[in-house]
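[1] Give me a model of this one.
(2 chains)
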There are 2 protein chains.
Amino acid sequence: MQKYSITIEKVYIANLPDTFVSQSLNSIHLVQGGIAGDLHFGLTKSAGTREKMYPRGTEILNRRQITVVSLEECQIIAERLGVKKLLPEWFGANLAISGFPNFTKLPAGSRILFPSGAGLLCEGENHPCTALASVIQGNFSDQSIQRKFVQQAMGLRGIIALVEREGVVHAGDDAEIWVM
Amino acid sequence: MQKYSITIEKVYIANLPDTFVSQSLNSIHLVQGGIAGDLHFGLTKSAGTREKMYPRGTEILNRRQITVVSLEECQIIAERLGVKKLLPEWFGANLAISGFPNFTKLPAGSRILFPSGAGLLCEGENHPCTALASVIQGNFSDQSIQRKFVQQAMGLRGIIALVEREGVVHAGDDAEIWVM
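    So this is what the prediction gives:
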């Protein structure tokens, strides 16, 4: 088990109707199931296109409670797309971190541990989807973005995580990653 | 995503006081949290020695709901220890499968899918512990077993899993593994 220091640059909640785009806050409260009021909150969810092994709409464990992206990887995607910047809230991120190379490849079973005692359990890579490509396109006039996005963001779109231990996370927190 | 066929040879519940040794049944019912009445049932658990990143006794997500071993790997451990056979119930197994080489190395995020529609989400390798070594020793007269067990069982003790979709599992079921 290797330990690394990271910075929690920003925290967000996706609590608006009809969009997964999130909003920046000072702090979020991680509880079992995610962040109360967030689009992805819940101990269970309906199976969708990402869970093709189950009939669509059946109730399954929600392992997509929390979405984490790295600012460095967002910047790599931006450069590949020829744009200045991509905001983590467009990705529906709940946390934007910095200081960990190849963050999207963090092995499932790794932890992100916060000063409050809260902890996240990494459930692996989050794959970019066409709905996200559409949101990103909406912020730029170059109409080739949507077509290029999924391919250019593959392997860089961050991770999904389960809340393992409850607690508050503040923007600016120093945190640790324990790699499985 | 690669798919493989396996056989569910036996199913078990660990429902006796003062032991994690499990008992064979015809069928088990997987529900969110595990198997009702099983020692490891629950959406949350107390942090223990396996979760050193959290203070002992604090409430954390229970990712050790279900224990799965492979009969072939149990036999490899038996041969290494110079004994005829090791029973999955001694390991506290809930399922004993066959037909999947290197089962303990199944990547986290992989699924085991059952004919009823139930599904398990692999949370990675289960490491052999000294308490298990003691139980195994109790079944043999050769007093070197306990000392040798943890090292000889490393990488062969099966996996832990979360219930992703509820349903019944029968001994003798044909099942699928979808490797992440």
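[2] Could you pick out the residues of chain A near chain B for me?
    For chain A, the residues in contact with chain B (CB under 8 Å from any CB of the partner chain) are A:32, A:43-44, A:47, A:53-55, A:58-61, A:63, A:107-109, A:111, A:113, A:117, A:119, A:121, A:123-124, A:162-166, A:178, A:180. Glycine gets a C-beta too; all of them are placed from N, C-alpha and C.
[3] Of the residues you listed, grab the buried ones for ChimeraX.
    The ChimeraX command for the buried members of these (criterion: 16 or more other CB atoms under 10 Å in any protein chain shown) is given here:
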select /A:32,43,47,53,54,60,61,63,108,109,111,113,119,121,123,124,162,163,164,165,166,178
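[4] for chain A, what's the longest helix?
    helix A:71-81 (DSSP state H).
[5] For that one, name the packing helices and strands.
    strand A:95-98, helix A:145-153 (3 or more CB pairs under 8 Å, 6 or more residues apart in numbering or on different chains; DSSP states H and E).
[6] List the buried residues for that helix?
    A:71, A:73, A:74, A:76, A:77, A:78, A:81.
[7] Going by distance to chain B, which of those wins?
    residue A:73 (19.5 Å; CB to the nearest CB).
[8] now the residue of chain A found nearest chain B: how far from residue A:158?
    Taking CB to the nearest CB, chain B has its nearest neighbour within chain A at residue A:108, 3.6 Å off. Distance from residue A:108 to residue A:158, counting by CB to CB, to the nearest Å: 13 Å.
[9] those strands in chain A, which residues are they?
    A:2-13, A:23-25, A:27-30, A:44-46, A:59-61, A:66-70, A:95-98, A:111-113, A:119-125, A:159-165, A:167-170, A:174-179 (DSSP state E).
[10] So which of those strands has the densest surroundings on average?
    strand A:66-70 (a mean of 27; mean count of other CB atoms under 10 Å in any protein chain shown).
[11] That one: how far from the chain's middle?
    2 Å (CA atoms, centre = their mean, to the nearest Å).
[12] For that strand, what does the pLDDT average out to?
    Average pLDDT, strand A:66-70: 98.
[13] could you dump it to CSV, C-alpha only?
    The C-alpha coordinates for strand A:66-70 follow below in CSV (Å, rounded to 0.1, in the frame of the first residue of the first chain):
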residue,chain,number,x,y,z
ILE,A,66,-19.0,10.1,-6.3
THR,A,67,-17.2,11.4,-9.4
VAL,A,68,-13.6,12.7,-9.0
VAL,A,69,-11.5,14.3,-11.7
SER,A,70,-8.0,15.6,-11.7
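[14] just checking, what packs against that strand?
    strand A:95-98, strand A:159-165.
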